[in-house]
Every structure is written in structure tokens, then in C-alpha cells.
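K.L.:
All I have is the shape, not the residue letters:
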């Protein structure tokens with residue numbers, strides 16, 4: 001994306017690096033400020049007698065699934081005079097076909113569409129000629145979908161080589177409303193979409209700055225591959241799959257969207273500052289962006305899902321031990337979203353797509369292929385994913401959510417655990433692990449802590465409430481083991497106790 005502003009015949013670069021080409025200017029706007037909030041990045045530039053404010057914002061609407069599902073971001077540009085005069089200012093923005101793919105050897109196609117609503121909107125679409133559904137480049141850039149760049153119809157527009165459009169603007173302060181019909185590779189003279197407009201910059205004492213709005217969206221259809229189906233982005237169900245209706249809604253919602261973004265920013269900043277001061281505000285602002293940048297809503301209005309991608313590691317989908325640190329932001333903004341985040345994982349396991357008896361680690365090793373692990377081959381981090389304890393592959397099948405490790409129920413008719421049965425199992429399994437450790441050359445010594453965790457893992461299938469009761473009795477029961485073993489069970493039991501109490505309170 002590139003931005004140029006023309007004041008009194010002089011053109012300045014304020015975004016990207018368009019002046020690296022011979023476009024007729026080498027001037028650069030002077031950045032005088034930058035303010036970053038949870039939803040906005042606000043730049044201010046000086047260009048001769050004019051100040052230019054450029055705001056990039058993506059509202060977060062945690063309680064409005066329709067708006068939260070929109071795959072769009074906004075740009076606003078405003079200008080005002082720094083002297084006592086009023087000036088005519090020309091502003092230029094473009095996006096290149098690089099938005100469609102990280103592979104510049106791919107061929108792209110494009111078109112311009114006028115969207116008629118309460119406001120008349122000019123929209124340009126760019127997409128790869130050969131769509132590679134569900135594929136990404138090695139930089140995690142989607143190889144399918146349509147990029148949409150839109151604004152109001154007061155602009156002049158052009159689809160051409162980016163250096164050519166920029167030269168036209170530097171020379172004339174406008175574009176020529178033409179569309180290059182030569183579809184080609186991204187790196188073949190770098191095609192792009194450009195918009196130019198004229199704005200009036202008055203002194204702030206006279207009137208509020210004039211503001212222009214732009215939107216950028218990326219539509220993928222279908223959006224992800226699920227275990228046994230393909231899912232669309234949730235916004236499609238709200239707009240009956242009509243891109244133009246979605247673009248119209250996004251554009252006409254811009255001013256209200258900015259107000260909502262300001263309100264959320266004020267709330268988050270105030271709360272974060274009260275807790276940890278200005279430094280914590282910066283951390284929370286960045287964390288909120290990352291948390292919502294990693295999710296998107298899928299499915300239908302009646303069955304919405306929130307999908308999560310690891311965006312700073314390996315691209316895994318719906319990773320359980322990544323969802324856990326994601327919890328605080330949703331507990332703060334809208335706890336209901338946690339259900340939408342967990343339902344894809346629960347759906348996968350409840351329908352029998354994962355053969356193991358503990359929690360699945362993720363729904364796929366590379367988003368957007370959220371196809372799970374039907375073969376059971378995955379990262380084995382059962383403690384993190386099931387809150388059950390560290391284990392190794394030799395104990396994968398020891399988990400059972402319906403009863404004991406051997407598949408037998410441990411509850412009496414009145415719902416109370418059979419404590420004697422529980423203690424007997426502890427003793428038996430503990431002795432099994434002791435013998436296994438002695439016969440396994442990989443183990444240099446009998447590890448009390450590790451074995452106690454293994455034993456409790458095998459009993460993981462207890463009903464939550466009954467398991468909690470059992471664990472609470474550990475400190476009162478003579479296990480018939482050494483003092484060291486007994487203490488280890490008590491320590492781990494107390495740890496489970498805290499986790500189970502939290503889970504019960506959360507569920508109730």
C-alpha cells in the first residue's frame with residue numbers, strides 16, 4: 001500500500017515507499033506523531049502548510065457477531081491547514097496485487113464494481129487467476145480469495161502499473177479512470193488499484209477537518225477446511241453470500257465503527273492503566289490486537305464457531321494450549337465467545353474423529369486445514385491439553401472420560417466415589433509403574449513425582465465432582481506407601497483440587 005499527498009503542486013510520500021521509483025518526486029512527509037491503541041494506529045504528518053492525519057483501524061465488536069465477523073479494516077484520512085489559509089489538497093492511496101498472494105509469480109485478474117446503497121461506493125476486486133483453495137505461502141499468506149479496496153465515488157480511479165498510476169497523480173493530482181485490461185503476473189510491472197481525491201484543508205479554528213474513508217477486505221470462499229466439511233466465514237450467512245452487500249454495510253458503518261473503536265479503546269486503556277500504568281497499557285494494546293488478529297468467525301448465525309490460528313509460531317489451528325492463554329481477553333470482553341472457541345474441538349471429539357481418550361492438541365498442523373488428527377498422530381502434551389498430568393506415549397490409552405483407567409465406573413449409587421476401590425487402584429498402579437521403571441533402562445531411577453502423575457492420569461475419567469471429592473481425601477487417607485510417595489500424591493491432588501474447583505465454578 002502506498003500513499004501520496006499533493007499540496008500546492010508539491011507531492012509528498014506519506015505511506016509505503018513509492019518514491020523509490022521515478023514517479024516525479026522524492027519529497028517525504030514529516031511524521032510528527034504516532035498514537036497506538038488497541039484498535040487504531042494514528043499517524044500525523046506535516047507537508048508544507050498542511051497537516052495530514054492517517055488512521056488505520058479495525059474495530060473489535062466482541063458482543064456483535066455480525067460486525068466481528070467482517071473481514072475488513074478501515075483507513076481514514078483527514079487534513080487541515082497549519083496557517084491561516086484554506087488549501088486544496090489531493091490525496092492518493094493504492095494497493096498492489098501483492099495483496100492477493102505472497103508469490104509474485106502468480107497471475108492476477110481484476111475488476112471495478114460500483115455498489116449502490118445509501119452511499120454510492122466504488123469497489124475494486126483483485127484475485128489470483130488460479131485459486132489455490134486452503135493453500136498458503138511459506139509466509140502464511142492465503143493463496144485464494146478476493147481482495148476488495150473501496151471508497152466513495154468522489155474519487156478518480158485507475159487500475160494500472162503502480163509506478164504509472166503514481167506518476168499520473170504526481171503530474172495531474174488525479175487519475176484517468178481507466179482499467180488496464182492486460183491481466184498478468186504480480187511482478188509483471190506490478191499492477192494495482194489507485195484512488196485519488198481532492199480535499200479542503202481549513203484552519204482548525206474555522207472548521208473540523210474534512211475526512212475521507214477507505215476500506216480493505218479479504219474474502220475467502222470457502223474459508224477453512226474442517227474435519228468432514230468446508231466452512232464459510234460467518235458474515236456470509238448475514239449477507240446471503242453477497243460481497244457487495246457486505247461492502248456496502250462496512251462502508252456505511254465506518255463512522256459508527258470509529259466511535260465504537262474509540263469507546264473500546266478508552267475502556268481498555270483506562271482499565272489497563274489502573275492495573276499497571278502506562279507500560280501495561282502498551283502491553284495490553286498489543287496483546288488485544290494479537291488475540292483478535294488470530295481469530296475469525298465461521299459457520300452460520302445458528303451455529304457460529306470461532307476459529308483460532310497460531311499467527312506467531314507454526315500456524316496450527318485451534319491449539320488447546322494456546323486457547324488457554326487466550327482466555328483472559330475473552331473473559332474480559334465477552335465470555336460467551338469462549339464457547340464458540342471450544343465448540344469445534346468438542347465437536348471433533350464427540351463425533352469420534354480423534355481416536356485417543358484425552359483431549360486433542362489441535363485441529364490441524366496448518367490453518368486453514370482444520371482437519372484434526374483422525375490417525376491420532378499429533379503433538380503429545382496431554383497435561384496441557386487435558387489438565388491431567390504429564391505423560392508419554394506409552395500411557396496414551398490410559399485416559400478414559402467415562403470411568404477408571406480400565407473402563408469401570410468408580411461411583412456408588414448415591415454418587416459418592418468408592419474410596420477403597422480408588423486407593424486399591426493407586427497401590428496397584430503405583431506398583432506397576434515401579435516395576436516398569438525398574439525394567440526400563442531409559443529410567444535411571446524410580447521417579448516418585450512422575451509416577452504419581454501417571455496414576456492420577458489413569459484415573460482421569462472420574463466425574464469432575466467425584467474426582468474432586470476423592471482428591472480432597474488424599475491428605476486424610478493412609479495409602480500404604482512411603483511418606484515421600486504419600487506427600488507426592490497430596491501435592492498433585494491439591495493441584496487438581498484447585499483446577500477442578502475453578503472448572504466447577506466456571507461451569508456453574
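P.N.:
In hand now; what should we look at? No experiment lies behind these values; they were computed from the predicted model shown. Numbering: from 1, shown residues only.

K.L.:
So residue 366 sits against residue 315, correct?
P.N.:
Yes. Using Cβ atoms under 8 Å, residue 366 makes contact with residue 315 at a distance of 4.8 Å. Every C-beta, even on glycine, is put in place using the N, C-alpha and C of the backbone.

K.L.:
list residues touching both of the two?
P.N.:
Common contacts of residue 366 and residue 315, defined by Cβ atoms under 8 Å, 6 or more residues apart in numbering, comprise residue 136.

K.L.:
tell me which element residue 53 is part of?
P.N.:
Assessed by DSSP states H and E, residue 53 sits inside strand 50-57.

K.L.:
as a whole number, average confidence for that strand?
P.N.:
What strand 50-57 shows for mean pLDDT is 97.

K.L.:
And that strand, what does it pack against?
P.N.:
If you count contacts as 3 or more Cβ pairs under 8 Å, 6 or more residues apart in numbering; DSSP states H and E, strand 50-57 packs onto strand 2-7, strand 10-15, strand 40-47, strand 72-81, strand 87-96, helix 254-293.

K.L.:
quick one: contacts of it?
P.N.:
Here strand 50-57 makes contact (Cβ under 8 Å, 6+ apart) with 3, 5, 7, 14-15, 29, 32, 39-46, 73-82, 87, 89, 91, 201, 209, 257-258, 261.

K.L.:
Of the residues you listed, just the buried ones, PyMOL syntax please.
P.N.:
Buried members of these, defined by 16 or more other Cβ atoms under 10 Å, are picked up in PyMOL with:
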select buried, resi 3+5+7+14+15+29+39+40+43+44+45+73+74+75+76+77+78+79+80+81+87+89+91+201+209+257+258+261
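
K.L.:
Show me where the protein dips below the pLDDT cut-off.
P.N.:
139, 380-508 (pLDDT under 70).

K.L.:
The residue nearest to the spatial centre of it: what's it in contact with?
P.N.:
Centroid-nearest residue in the chain, with Cα atoms, centre = their mean: residue 294, separated by 1.4 Å. If you count contacts by Cβ under 8 Å, 6+ apart, residue 294 has them with 308, 309, 310, 311, 326.

K.L.:
Can I get those in TSV including secondary structure?
P.N.:
Formatted as TSV, these follow (DSSP: H, G, I helix; E, B strand; the rest coil):
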residue	secondary structure
308	strand
309	strand
310	coil
311	coil
326	helix
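
K.L.:
Please check those and keep the buried ones.
P.N.:
308, 309, 310, 326.

K.L.:
if we take these, which one ends up nearest to residue 224?
P.N.:
Nearest to residue 224 among these is residue 309, at 9.4 Å by Cβ to Cβ.

K.L.:
backbone phi and psi for the closest residue to that closest one other than its chain neighbours, please?
P.N.:
Leaving aside its chain neighbours, residue 309 sits nearest to residue 367 (4.0 Å; criterion: Cβ to Cβ, 6 or more residues apart in numbering). Backbone torsions of residue 367, given as degrees, to the nearest 10, read phi -60, psi 140.

K.L.:
count of neighbours near residue 367?
P.N.:
If you count neighbours by other Cβ atoms under 10 Å, residue 367 ends up with 27.

K.L.:
Check the one 10 residues further on too.
P.N.:
Around residue 377 there are 10 other residues, counting by other Cβ under 10 Å.

K.L.:
follow-up on the earlier one: distance check, the residue nearest to residue 309 against residue 322.
P.N.:
Separation of residue 367 from residue 322 (Cβ to Cβ, to the nearest Å) stands at 12 Å.

K.L.:
Between the two, which contacts overlap?
P.N.:
With Cβ under 8 Å, 6+ apart, residue 367 and residue 322 have common neighbours 310, 316.

K.L.:
what's near enough to touch the closest residue to residue 173 other than its chain neighbours?
P.N.:
Nearest residue to residue 173 in three dimensions, chain neighbours excluded: residue 90, at 4.0 Å (Cβ to Cβ, 6+ apart). By Cβ under 8 Å, 6+ apart, the contact list for residue 90 reads 5, 6, 169, 173, 174, 196, 197, 198, 199.

K.L.:
closest to residue 280 among the contacts of residue 294?
P.N.:
For those, the nearest to residue 280 is residue 326 (18.5 Å; Cβ to Cβ).

K.L.:
which ones are touching the closest residue in space to that closest one that isn't next to it in sequence?
P.N.:
Excluding its sequence neighbours, the residue lying closest to residue 326 (Cβ to Cβ, 6+ apart) is residue 291, at 6.0 Å. By Cβ under 8 Å, 6+ apart, residue 291 lies in contact with 326, 329, 330.

K.L.:
Of those, which is the nearest to residue 301?
P.N.:
Residue 301 has its nearest neighbour among these in residue 330, at 19.8 Å by Cβ to Cβ.

K.L.:
check which helix or strand covers the closest one.
P.N.:
Using DSSP H and E, residue 330 falls in helix 320-333.

K.L.:
so what does that helix touch, helix or strand wise?
P.N.:
Packing partners of helix 320-333 (3+ Cβ pairs under 8 Å, 6+ apart): helix 254-293, strand 304-308, helix 336-350, helix 382-386.

K.L.:
Mind doing that once more with 10 Å?
P.N.:
Of the remaining helices and strands, those touching helix 320-333 by 3 or more Cβ pairs under 10 Å, 6 or more residues apart in numbering; DSSP states H and E are helix 254-293, strand 295-299, strand 304-308, helix 336-350, helix 382-386.

K.L.:
mind checking which of those is nearest residue 144?
P.N.:
Residue 144 lies closest, by Cβ to Cβ, to one member of the helices and strands packed on helix 320-333: strand 295-299, at 14.8 Å.

K.L.:
So which bits of that closest one are buried?
P.N.:
Buried positions in strand 295-299, judged by neighbour count with 16+ other Cβ under 10 Å: 295, 296, 297, 298, 299.

K.L.:
Okay then, goodbye and thanks.
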